[in-house]
Structures are given as structure tokens and as C-alpha cells.
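Trainee: give me a 3D structure for the following:
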Amino acid sequence: MTSPTVLVTGAAAGIGRATALRFAREGWTVGAYDIDEAGLATLATEVEALRTGARVVSGTLDVRDAEAYAARAAELVDETGRLDVLVNNAGILLAGQFAEIDVAAHHREIDVNVKGVVNGLHAGFEPLRATAAAHGSAHVVNLASASAIYGQAELANYSATKFFLRGITEALDLEWGRHGVRVVAMWPLFVQTAMTQGVHTGTTDSLGVNLGADDVATAIWDAVHPTRARRLVHQVHFPVGTQTKAMALGARFSPAWLTRRVNKRFAGV
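Mentor: The predicted structure follows:
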């Protein structure tokens, strides 16, 4: 019987690497993909050192390339026979005043954070559906953000990409549920990774960067192994960390004008 398989993009570092290692500790086969070949090589060595029976199938992948994404997913499934979890983690963050960031950089952020996820969802659907039919369920995990709660000043384009992930997660969880494929989104606030190094915005300064990559990886593992209560309510969005949980809860029940005022104060604008 084959071991369950997870595909993780952006797996060479940060949240992606921590997620790959979290599943590897449980003996899963990990499909690890990134543009960083050296990072993938050290990841494979680290997984082997765990001695859990896990193995890594890795390869370079620019998620903006739909054909390459489809090819990598197909190669992984050809080797393992299944795809239980797809983690769309690869992403980039640009911070600063919207008008001061070059439009080409905005487009690249959209290409990676939005089109890259669309490419993954399209490539992953058939193997996920087949795995769910054979083994009972399969999951997609999209890395959204607390920036999907309310549009963030100095992170406007990044925030907008995460609103896209929020919407497509909700829609596909409805659409793919009949196939046994559950689609969820993770909502961390700022995480201590290379993505946030050197980033100084009103929000990062006021709220801090308090989460680690392992915090998000653990939350991802828990999301695809939901408690009975989470199964009953069919939780789709998973705030990560105390701050995000408080912000998400507040936004749900506060009037729009108050949510705006709170976010304006956090951003210092």
C-alpha cells in the first residue's frame, strides 16, 4: 500500500520547507518543488535524516508555467500513485506604496500568487479526485493571509492576491466537495521567513512578526486532519495565530466602518 503523498510548492525554504518536513515526520511521501535547486537538495537530506520512512520527490518548478506545473504533478503521481494533499504555498510579497512599485513587479506578484495557484489547482484536480475516490478524501491547502480580512495599505497588491485565494478557495470547496476533495485556506499574519525580512510597513511595525514557519506548518497539518467539530462545521478558512484569530473574529461581527478604522490605525495611515 502506497504512503500518502503531499505536493508542496515553494518547498525549499520558509513555510513550504517547514510543511514538507512536517508531513515527512509522519512518513508521507513529499513532492517538493521550487526554483531553488540547492534548497531542495538540502531538504531531501534533512528528510532522509528523519528516518521516518518518508521520501522526497523533488524538482524545479516555476509555478507561473502551467505546462511545467502539470508535468511535475503528473510525474509525482506516476511515481507514487496518488495525490492526497496539494499545498499551494509559493508566493512573493512586495511592500511599499502602491504607486511607487513598478507595474511589472505588481504583475509578477499577481503571476506567482494568483496564476501560480490557478495552475496548481488545474493540474492537481484529476489526481486529487482519483485519490479521493480510492482512499476517501483529498485536500487542497491554499496559503492565503490575514491580508485577506481587509485590504492592507502598503501591501495593496499582495493583499488583493490573497482576496483572490479566499474567493477561489470558497468556490472550489463547494464545487469539488462532491468529488471528495476539500479545499481550505490558511490565514497567517506575518511570518518570520525570508519573505518578511527587511519589510517595514505600518502594519508590521504595529503588529510585529510573531509567527514562525513551523506554526503555519502545524496549522496546515491540523487543517487536513480536522477535529470532529471542524468537520461538523466544515471549516474552510483557518486563521493562524492569536492575532489573526482575533482580527478575523472582529471583522466578522464589527460594522464595516469600524473594521476600516481598526485597519487604518494598524497601518498608521
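Trainee: against which helices or strands is the worst-scoring helix or strand of the chain on mean pLDDT packed?
Mentor: The weakest-scoring helix or strand in the chain, judged by mean pLDDT, DSSP states H and E, is helix 202-207 (a mean of 80). Judged by 3 or more Cβ pairs under 8 Å, 6 or more residues apart in numbering; DSSP states H and E, helix 202-207 is in contact with helix 256-267. Bear in mind the C-beta positions are built from the backbone N, C-alpha and C, glycine included.
Trainee: show the average pLDDT along the helix or strand that the least confident helix or strand of the chain is followed by.
Mentor: Counting by DSSP states H and E, the element after helix 202-207 in chain order, helix or strand, is helix 213-223. On average, the pLDDT along helix 213-223 is 96.
Trainee: quick check: which helices or strands does helix 213-223 pack against?
Mentor: Looks like helix 213-223 contacts helix 14-24, strand 138-143, strand 181-188, strand 237-240 (3+ Cβ pairs under 8 Å, 6+ apart).
Trainee: so can I have CSV of these showing mean neighbour count?
Mentor: Converted to CSV, these look like this (neighbours: other Cβ atoms under 10 Å):
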stretch, mean neighbour count
helix 14-24, 26
strand 138-143, 26
strand 181-188, 24
strand 237-240, 22
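Trainee: for these, which one sits closest to residue 110?
Mentor: strand 138-143 (15.2 Å; Cβ to Cβ).
Trainee: tell me the helix or strand right after the closest one.
Mentor: Per DSSP H and E, the helix or strand that comes after strand 138-143 is helix 156-176.
Trainee: how distant is that next one from the center of its chain?
Mentor: Using Cα atoms, centre = their mean, to the nearest Å, the distance from the centre of helix 156-176 to the centre of the chain it belongs to is 11 Å.
Trainee: mind listing what's buried in it?
Mentor: 156-166, 168-169, 172-173, 176 (16 or more other Cβ atoms under 10 Å).
Trainee: mind checking pLDDT for the closest residue to residue 169 other than its chain neighbours?
Mentor: Spatial nearest neighbour of residue 169, chain neighbours left out: residue 185 (4.1 Å); criterion: Cβ to Cβ, 6 or more residues apart in numbering. For residue 185, the pLDDT comes out at 97.
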